[in-house]
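Engineer: just to be clear, the model below is a prediction. Sequence and coordinates:
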Amino acid sequence: MSTEEKSAAPRSLAEALRVRDDVSLAALLRSRPDLITPVPTDLTQLATRAGTRASVVRALERLDRFALQTAEALAVAPDPASYGELLALMGGDEEDPVVAAALPRAAALLREQALVWGGDDRLRLVRTARELLAPSAQHPSPTGLGPTVREATAGMSPGRIQEILAAVGLPSTHDSVSAVSALGALFTDRRRMAALLGGLPEESREVLARLVWGPPYGQVTHDPAAHLRALLDRGLLLPTAPGTVVLPREVALHLRAGRAHRVPEPVPPPVEAAAAHRPQVVDATAAGQALAALATVEELLKEWDEGGPAVLRSGGLSVRDLKRTAVALDVPEPVAAFWVELAYGAGLIASDGEAEERYAATPAYDEWRELPPAERWALLARTWLTATRTAGVVGGRDAKDRTLSALGPNLDRSAAPEVRHRVLALLAALPEGASPVEESVLARLRWERPLRGPQRGAGAAREEDLRSRIARWTLSEAELLGVTGRGALAAPGRALIGAPEAPRPASEEPEGPGAKLPVHHHRTAPAVVPPTPAERAAAAAAAARLLAPLFPEPLDHVLLQADLTAVAPGPLERGLADVLGVLADVESKGGATVYRFTPGSVRRALDAGQSAADLHAFLARHSRTPVPQPLTYLIDDVARRHGRLRVGAASAYVRCDDDATLDEILADRRAAALGLRRLAPTVLAAQVDPAALLEGLRAIGFAPAAESAAGDVLIARADSHRTPPRSAPEPVPDGPPAPDDTLLAAAIRAVRAGDLASTAPRKPGPGDAGDGGGSGAPGGTLPRTGAAETLATMQAAVLTGEALWIGYVNAEGAASQRVIAPIRVEGGFVTAYDHTADEVRTYPLHRVTGVAELADDAG
């Protein structure tokens, strides 16, 4: 490199950022949004922030496996390292062509994210990243390499180093520094090292083979065996502590043929297709699942329509109430937790906020029910895709070893939306109708986000395991919701994530799990730019449009059967479904719903104000088969007994025109708990309230009806309990949100303007003697001048048109430095063109801390 090129090379990360164009800076800020939260004042502050531990850790955790391996290789390379040295560490002595082809992308990614800076001849890993990734005794490197010869011999006596030189046949030196350099040169010389290792006993070479891929540390006794002594004498093992030795990095690299990693992974693992199905079959299956999802959510809300389970004191649903909900929905408890959380995330249920707090439907549920089925599904699917609340962790333990309950706190997992979207995107990349091998999806996600993290330990392992579990939950939940069908992404699901249409497999390809399917390799994961709310709404609307034709038309009829059941061969019209849901109990669900008529269900319809004639007419109107005689008898029998007994408030009373019926009640031992006594031949008084009296008499086998104070029959329609208006829970973001183009442009302009102000050379002032003439940058120190000098300098600049460098403190007390060209000074204010903000502004003079003239050559 020439002297001129060396002088042009950046000497720091700040200088490297300073020569970047706006497109490159925008890419950096987009990939690391924490760097502009808040917007830095200049590029020096941006570089400082990019080198902080928290920011570097976050950036490293978002690298794919090969980019992370490249950073790990730079951490064990010389500082600085050339691109050739990096390639040798990644590809080995034989220079793997696949690694060589992928390395430029990885190096460019590290440069883009400001984790590496410098030219190809002087690549530097930022210091914080090197500290996190470099090997140490406390934190071994993922490469399995140990310290260099220089680091391992730092505390070794000069005499001992000279003994090692003599043992390997090198001439002695006058100082330890040159001795260590000579030893390091020997260990990096392939020919001489081969000769040195060839002279060792086989047992010694076996010891080196056990240490070569790590961990590089081993234990020895105070009197090591001969084969170990041979290694120690030649410096092939170096002591680090009493009884502990380490394999020097240079020796390990020779034994590894120059490779830093045992298995470099330059190419992401492919997502394999497990089976192929016709796209029409996939879409039809998904549509059936979508209908079942809507029915399940409606059934859940129907269960909680009059007020659901109580809210735990700590928030959430009790284990017992979750079990009851699972039984009511006829699903396992984890699936019930998913449906409950989905309804909560969509804003359909919430706590009512009353003294005895319970869960109930929200007013939004009534609005949701009025939407077309496809739009109802789209709302649920969009909620699921973007929610951070993760139902899969219900039943687990939090950091304080407390059980995580459904609808409770601490269920947010910020990575969930990204993992869900990425899993669906991988499915979208397969041929349409192809379902994936689950393990290949998980392997691909682990490559894209290894999430090993620089902090090695249980926390990182738990996080990695969580991401894998979220991916598994995504595949099962997508099937439950109808986003996928038979494991393959359906057309509405593809539209939901905004994926383009996939090529359909050739018609002659076989279908099923035994089909031979192509393996899809993807070089890199596409850059993830979170969609805006408007884009998400448009995608959901597109998914609804694709799903609507797949739904069957609602039916206006059922099939009545002689065993007191009715079969609905498809979804029913809203009015028919509501009345039938009162008149009969749902016995089974699926493609067809089976309803069963019972005395209790018929009495429920009569309590709701229907008469026997109304029920007969309803069934005759909506049945495609004749009304079976047993059903007619059941309705007439329940109706005949319904209302013969009347219950009112005394505390409570029972009256009946047939005094024999009252005699029967008084003689029944089961009625003793009701505290009944006869007031008149046709009237009994009770010691319980009317509701308890109604339930008690019904339990005995009678069919009483409630009556008002005027003696009229009360129609027992269930009152729907609704919460006050509630907003759906907001997702908890994973760090600062990604900036949009407008914010990026404004931030870059502000940073560059601030950098201009902080680096503009200024003329020396009266107090600048001895600082080099003031020709350098001010280095971030705000100018300090008195009020009189500030005013005089401002007025002079108005006359000459020169630019000034000022220090300014705003109303919040935040100090900044600016380059301004004063236009007018009057009334205690200066009006000037602010080069920092690129606009004309007015500043109070009392907030200007000082002023300095710019040097004549200031740009």
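Structural biologist: That came through, no problem. Numbering: from 1, shown residues only.

Engineer: now do the residue nearest to Arg469 when sequence neighbours are not counted against Asp401, distance only.
Structural biologist: Among residues not flanking Arg469 along the chain, Gly392 sits closest, at 6.2 Å (Cβ to Cβ, 6 or more residues apart in numbering). Quick note: C-beta positions are derived from backbone N, CA and C, even for glycine. Look at Gly392 and Asp401: by Cβ to Cβ, to the nearest Å, they are 19 Å apart.

Engineer: count of neighbours near the residue nearest to Arg469?
Structural biologist: Using other Cβ atoms under 10 Å as the criterion, Gly392 is surrounded by 21 other residues.

Engineer: quick check, it in a helix?
Structural biologist: Yes: remark: Gly392 belongs to a helix, assigned using DSSP: H, G, I helix; E, B strand; the rest coil.

Engineer: who's in contact with Leu231?
Structural biologist: Leu200, Ser204, Val207, Leu208, Leu237 (Cβ atoms under 8 Å, 6 or more residues apart in numbering).

Engineer: one more time with 10 Å, if that's ok
Structural biologist: 200-201, 203-205, 207-208, 211, 218, 220, 224, 237-238, 245, 247, 251 (Cβ atoms under 10 Å, 6 or more residues apart in numbering).

Engineer: what pLDDT does Met1 get?
Structural biologist: Taken from the predicted model, the pLDDT recorded for Met1 is 50.

Engineer: my guess is Leu300 contacts Val335. True?
Structural biologist: No: contact between Leu300 and Val335 fails when scored by Cβ atoms under 10 Å: they sit 11.3 Å apart.

Engineer: shared neighbours, those two?
Structural biologist: Leu329.

Engineer: who's more crowded, these two?
Structural biologist: A direct count of neighbours by other Cβ under 10 Å for Leu300 and Val335 places Leu300 higher, at 23 against 17.

Engineer: so the more buried one is in which element?
Structural biologist: helix 279-303 (DSSP states H and E).

Engineer: for the stretch 701-850 of the chain, which spans come out with low pLDDT?
Structural biologist: In the prediction, the stretch 701-850 of the chain carries residues with pLDDT under 70 at positions 708-720, 757, 760-782, 836.

Engineer: go with 80
Structural biologist: By pLDDT under 80, the weakly predicted segments of the stretch 701-850 of the chain are 703, 705-721, 734-735, 753-783, 816-817, 835-839.

Engineer: do a quick rundown of the strands in the stretch 651-800 of the chain.
Structural biologist: Per DSSP state E, counting those that start in this stretch, the stretch 651-800 of the chain carries strands over the ranges 652-655, 677-680, 683-686, 705-706.

Engineer: quick check: mean pLDDT across the helix or strand harbouring Arg446?
Structural biologist: Secondary structure from DSSP H and E places Arg446 in helix 438-448. Averaged over helix 438-448, pLDDT sits at 94.

Engineer: now that helix: how far from the chain's centre is it?
Structural biologist: A distance of 16 Å separates the centroid of the chain from that of helix 438-448, by Cα atoms, centre = their mean, to the nearest Å.

Engineer: ditto for stretch 574-582
Structural biologist: 40 Å.

Engineer: before we move on, what about stretch 561-574?
Structural biologist: In terms of Cα atoms, centre = their mean, the gap separating the centre of stretch 561-574 from the centre of its chain is 43 Å.

Engineer: try stretch 186-194
Structural biologist: Taking Cα atoms, centre = their mean, one finds stretch 186-194 lying 49 Å from the centre of the chain it belongs to.

Engineer: buried residues in it?
Structural biologist: Neighbour counts using 16 or more other Cβ atoms under 10 Å place Leu186, Phe187, Thr188, Arg192, Met193 of stretch 186-194 among the buried residues.

Engineer: straight-line length of it, end to end?
Structural biologist: Between the opening and closing residues of stretch 186-194 lies a distance of 10 Å (Cα to Cα, to the nearest Å).

Engineer: average pLDDT for it?
Structural biologist: Averaged across stretch 186-194, pLDDT comes to 92.

Engineer: pretty sure Pro279 contacts Pro431?
Structural biologist: Yes: here Pro279 reaches Pro431: they are 9.3 Å apart, a contact under Cβ under 10 Å.

Engineer: ok, these two, which is more surrounded?
Structural biologist: Between Pro279 and Pro431, Pro279 has the larger neighbour count (other Cβ under 10 Å), namely 21 against 18.

Engineer: and that one, what's its pLDDT?
Structural biologist: Taking Pro279 on its own, its pLDDT is 94.

Engineer: likewise Ala241?
Structural biologist: With respect to pLDDT, Ala241 has a value of 86.

Engineer: what's the distance between the spatially closest residue to Arg677 that is not a sequence neighbour and Gly675?
Structural biologist: Taking Cβ to Cβ, 6+ apart, and ignoring the residues beside it in sequence, Arg677 has Ala685 as its nearest neighbour in space, at 5.6 Å. Ala685 sits 8 Å away from Gly675, going by Cβ to Cβ.

Engineer: next up, the contacts around Gln219.
Structural biologist: When contacts are counted by Cβ under 10 Å, 6+ apart, Gln219 is found next to Ala241, Gly243, Thr244, Val245.

Engineer: residue most distant from the centroid, this structure?
Structural biologist: Seen from the C-alpha centroid of the chain, the residue lying at the greatest distance (Cα atoms, centre = their mean) is Pro681, 71.8 Å away.

Engineer: what comes up buried for stretch 601-613?
Structural biologist: When neighbours are counted by 16+ other Cβ under 10 Å, the buried residues of stretch 601-613 are found to be Ser601, Val602, Arg603, Arg604, Ala605, Leu606, Asp607, Gln610, Ala612.

Engineer: ok, of those residues, which one's closest to Ser172?
Structural biologist: Of all these, the one sitting nearest Ser172 is Ser601; the distance, using Cβ to Cβ, is 102.1 Å.

Engineer: right, and the closest one touches Leu631 too?
Structural biologist: No: contact status for Ser601 versus Leu631: not in contact, 11.3 Å apart, counting by Cβ under 10 Å.

Engineer: common neighbours of the two, please.
Structural biologist: Common neighbours of Ser601 and Leu631 (criterion: Cβ under 10 Å, 6+ apart): Leu564, Ala584.

Engineer: in the helix holding Leu300, what counts as buried?
Structural biologist: Neighbour-count burial for helix 279-303, counted by 16+ other Cβ under 10 Å, picks out 279, 282-283, 285-301.

Engineer: quick one: distance of that helix to the chain centre.
Structural biologist: Between the centre of helix 279-303 and the centre of its chain there are 25 Å (Cα atoms, centre = their mean).

Engineer: now do stretch 632-646
Structural biologist: Average the C-alpha atoms of stretch 632-646, do the same for its chain, and the two points are 57 Å apart (Cα atoms, centre = their mean).

Engineer: again, but for stretch 357-372
Structural biologist: Taking Cα atoms, centre = their mean, one finds the center of stretch 357-372 at 27 Å from the center of the full chain.

Engineer: longest strand anywhere in the chain?
Structural biologist: Ranked by number of residues, the top strand in the chain under DSSP state E is strand 815-826.

Engineer: name every strand pairing with that one and say which way it goes.
Structural biologist: Sheet pairing here is set by DSSP bridges, and for strand 815-826 it gives strand 804-809 (antiparallel), strand 829-834 (antiparallel).

Engineer: and among these, the most buried is which?
Structural biologist: Between the strands paired with strand 815-826, the one whose residues have the most neighbours on average, counting mean count of other Cβ atoms under 10 Å, is strand 804-809 (a mean of 23).

Engineer: restrict that one to CA atoms and write it as CSV.
Structural biologist: What follows is strand 804-809, C-alpha atoms only, in CSV (Å, rounded to 0.1, in the frame of the first residue of the first chain):
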residue,chain,number,x,y,z
LEU,A,804,-20.1,30.7,12.3
TRP,A,805,-19.9,27.7,14.6
ILE,A,806,-22.1,28.1,17.7
GLY,A,807,-23.0,26.1,20.8
TYR,A,808,-26.7,26.1,21.6
VAL,A,809,-28.8,24.9,24.5
